[in-house]
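Participant: sequence? don't have it. structure:
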């Protein structure tokens, strides 16, 4: 299984949400991958002096860079889905990429509506978990 985290999931990590922390820890302990798109980190990262828990978690995750090709794919996906948040679209692109390697991808998100629309537009059937 692969987990992909969006900004809402990182905010929950930062707040010490035990359920979310447990899901991530369990995945990592099983040798599963946890992906975090770089733009999501930018949205969640505000005061590094207060982000010890988030820093620890991110060190164990795979950061998905927002490369030029991913940025273009994200912009195009926004157009196809009728949305405007390129970072949300980059999350959907990360889920699509992960699902090509692993058919069992779960997305932890606080933005069910937009992410479901983006995943439908990219034709990916990942498990979407509301955080």
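Facilitator: Yep, that arrived. Here the structure is a predicted model, which is why all the values come from computation and not from measurement.
Participant: who touches stretch 59-68?
Facilitator: The contact list for stretch 59-68 (C-beta atoms under 8 Å, 6 or more residues apart in numbering) reads 5, 24, 28, 33-39, 41, 70, 74, 90, 94, 97. C-beta: built from backbone N, CA, C; applies to glycine.
Participant: show only the entries of those residues found in helices.
Facilitator: 24, 28, 38-39, 41, 70, 74, 90, 94, 97 (DSSP state H).
Participant: just the buried ones from these?
Facilitator: By neighbour count, with 16 or more other C-beta atoms under 10 Å, those hold 24, 39, 41, 70, 74, 90, 94, 97 as buried.
Participant: correct me if wrong: the third one contacts residue 55.
Facilitator: If I follow you right, that is residue 41. No - the pair residue 41 and residue 55 does not pass the contact test of C-beta atoms under 8 Å, sitting 10.4 Å apart.
Participant: the helices in this protein, which residues?
Facilitator: Going by DSSP H, the chain shows helices at 7-14, 18-29, 38-44, 52-59, 68-81, 86-101, 112-121.
Participant: got those as a markdown table, with distance to residue 131 columns?
Facilitator: Converted to a markdown table, those look like this (distance: least, C-beta to C-beta, whole Å):
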| stretch | distance to residue 131 |
| --- | --- |
| helix 7-14 | 5 |
| helix 18-29 | 6 |
| helix 38-44 | 12 |
| helix 52-59 | 14 |
| helix 68-81 | 21 |
| helix 86-101 | 13 |
| helix 112-121 | 10 |
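Participant: where among those helices is average confidence lowest?
Facilitator: Mean pLDDT is lowest for helix 52-59 among the helices of the chain, at a mean of 92.
Participant: what comes up buried for that one?
Facilitator: Buried residues in helix 52-59, counted by 16+ other C-beta under 10 Å: 54, 57-58.
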